[in-house]
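Visitor: Here is my input, please return the structure:
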Amino acid sequence: MITVCTACADDDGRRLDRILRKMLPAVPISAISRMLRKKQILVDGKAALGMVRVRCGETIEIKGMKLSNEKNLTSENLDDNFLSNIQLQTDFYKNILFEKNGILVLNKKCGIATHGHNSLETQVRLYLKGPESLSFKSGPLNRLDKPTTGIIVFGTSLAGAKEFSVLLQTGLIKKTYLALLEGRMEKKTFWEDYLVRDSVRQKTFVTENSAQGAKKALTEVRPLAYTGELTLAEITIKTGRTHQIRACAASRGHPLSGDKKYGSVLPPPFFLHAYRIEFPAGTFGIEKITAPLPEKFTEKIKRCFGNINDIHLQHAFSFNGQVTVY
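Guide: Numbers count the residues shown, from 1 in each chain. Modelled structure (predicted):
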């Protein structure tokens, strides 16, 4: 049994052993080393050491092993229900906001998982279609909960994914959300919290900074409109903790409206939309991307606050007198 793969541009110059670890994630490093020693792995037909640098176009031949067909994802790998979901519920091409310089930016719809089996990640890989790198697989560079909508970014090249990740980790990418919160918030505020994640309960909690595993979360909140029961807020996160907005808002008595997991008394769904992302000048060829609001979110805002004129672009509101504008 022999598997032969061809290195792509994203593999060029990478060490063979590192490519193999990406290609064979379920195989222990010790086993890969043993295969190299026994000359079961060839580069362009010749036995190679793990430290050799692979070049674009070279073939990697693995003797005695067959790779999973996951990398060669086709419609045959997907169940009928998911294909129907793509065709009937998601117009993928219309949800593309930007595609250039190694990133793909989408406007995610409610109810679609970011990654995993039959997810948005799967749709992206079907869309890209072309041969994948041996050591790089397109995947989400930020995360959105299944009910959350709006901007999500996928890497389409190793260089693009690395650049985005570095900018994100150094706080140079600005991410802004629109959220519908319970209660009345009248003034702009800044939240500094420490969060811990309960992986068993799949929930995030605000805690003391001395707690084991606590991570700082920085959140800026600007009310756009409010009634006695609800607040429409623009929220900018300075850090990217799991469920950061949901947990921090709930800890102050302002859970997302309809977010039962974090204590909302109102019926679901909750409304949280990642509507704007801003990049430093000179990166990716664009400085700002905005995602239109989902129709249901827009309808909910109109019912609560009155008519809206292009909220996601200019915050221009026209109210019927029952609310106050910040």
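Visitor: residue ranges with poor pLDDT in the protein?
Guide: For the chain, the stretches with pLDDT under 70 are 1, 65-91, 130-132, 307-326.
Visitor: which residues of it fall in helices?
Guide: 16-23, 29-37, 80-89, 120-128, 158-169, 244-251, 295-305, 311-314 (DSSP state H).
Visitor: Can you tell me which of these is most buried?
Guide: Burial of the helices of the chain is given as mean neighbour count (mean count of other Cβ atoms under 10 Å); helix 244-251 ranks first at a mean of 23. To be clear about C-beta, it is placed using only N, CA and C from the backbone, and glycine gets the same treatment.
Visitor: So which elements touch that one?
Guide: strand 174-182, strand 189-198, strand 203-207, strand 215-226, strand 230-237 (3 or more Cβ pairs under 8 Å, 6 or more residues apart in numbering; DSSP states H and E).
Visitor: Dump those strands into CSV; add distance to residue 141 and mean neighbour count as well.
Guide: Shown next, in CSV, are the helices and strands packed on helix 244-251 (distance: least, Cβ to Cβ, whole Å; neighbours: other Cβ atoms under 10 Å):
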stretch, distance to residue 141, mean neighbour count
strand 174-182, 12, 22
strand 189-198, 20, 16
strand 203-207, 20, 18
strand 215-226, 19, 19
strand 230-237, 15, 22
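Visitor: Of those, which is nearest residue 146?
Guide: Taking Cβ to Cβ, strand 203-207 is the member of those nearest to residue 146, at 14.5 Å.
Visitor: show me what contacts residue 258?
Guide: Residues in contact with residue 258 (Cβ atoms under 8 Å, 6 or more residues apart in numbering) are 180, 264, 266-271.
Visitor: Quick check: ChimeraX command selecting the buried ones in the residues you listed.
Guide: Provided next is the ChimeraX selection string for whichever of those are buried by 16 or more other Cβ atoms under 10 Å:
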select :180,264,269,270,271
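Visitor: Now do the contacts for residue 56.
Guide: 7-9, 11-12.
Visitor: follow-up on the earlier one: nearest to residue 109 among the helices of the chain would be which one?
Guide: helix 80-89 (7.5 Å).
Visitor: just to revisit the earlier point, now, which of the contacts of residue 258 lie within strands?
Guide: residue 180 (DSSP state E).
Visitor: Okay then, goodbye and thanks.
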